[in-house]
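Enquirer: I need the structure of the sequence given here:
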Amino acid sequence: MEEIRKFVEGEYKKPTSKYGYAHYEGHFIPVVNYSTELAKEKNADAEIVEISAWLHDISSIIYGRENHHITRAEISEKKLKELNYSEEKIELIKKCILNYRGSINNSRESIEEQIIAEADTMSAFDNIEGLFQVDFLWEDLNQKEARKLIREKLIRKYNQLSEEGKKLIKSKYDAVILLLGEKMLTEKSKIKNFLCFPQGEL
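Expert: The predicted structure is shown next:
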């Protein structure tokens, strides 16, 4: 597993990386962490899940977004063969990698595939600054427009999650929605309790 992690991190550190190292910390690490937590909660194959999480977006780092839903599986297969993983495990990992995106209509047959898709959705709550960067630089939105769009996007993402996923990020969801202006906690007592949550919960 450590060899796979080093492979991914190494690609991020290269000058040719399409996203830079911040994306490694802001996206890949949260996806891996959420995936491993969900694997425990759902009794999934922890090894398949963690490897898939590390490799789920590998081609976008190396080549960019174009056709990366195909090339990510090809790159992953090649690397896993180099590390002598079995054909059976490689195929399971490839399914997770191919089917995690919401824009891909392939059916997710295994719990491991569902976990990678869910963890990728959850990672948005750890990279709010990245969402604003996209809306400011690529979508050319002003602050008010970006704030409204991101709030709606995060509400939509949260509602797509399983109960286990919602439980894992509930405090982050409440904090982000409150800060972005959605009055999710209307009672003063609830707001007071929310602002006094234990240090480190977010």
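
Enquirer: mind giving me the domain split of the chain?
Expert: The record's domain parsing of the chain by automatic domain parsing lists 1-123, 127-202.

Enquirer: Rounded mean pLDDT for the longest one, please.
Expert: Along domain 1-123, the predicted local confidence has a mean pLDDT of 86.

Enquirer: Next: stretch 140-159.
Expert: 91.

Enquirer: returning to what we had before: can you tell me which of the domains of the chain is packed in deepest?
Expert: domain 1-123 (a mean of 18; mean count of other CB atoms under 10 Å). Using the backbone N, CA and C atoms, a C-beta is placed for each residue, glycine as well.

Enquirer: residue contacts, residue 49?
Expert: Residues in contact with residue 49 (CB atoms under 8 Å, 6 or more residues apart in numbering) are 35-36, 38-39, 96, 112, 115-116.

Enquirer: residue ranges for the helices of this structure, please.
Expert: With DSSP state H, the ranges of helices along the chain come out as 2-13, 21-23, 29-42, 46-55, 58-62, 68-82, 87-99, 111-122, 128-133, 143-159, 163-179, 188-195.

Enquirer: Residue 176 against residue 124, yeah?
Expert: No - the pair residue 176 / residue 124 is not scored as a contact, 9.3 Å apart, by CB atoms under 8 Å.

Enquirer: quick one: common contacting residues for the two?
Expert: residue 154.

Enquirer: Need the residue closest to the centroid of this protein.
Expert: residue 120 (2.5 Å; CA atoms, centre = their mean).

Enquirer: what's the spacing between that one and residue 37?
Expert: Counting by CB to CB, to the nearest Å, the separation of residue 120 from residue 37 is 14 Å.
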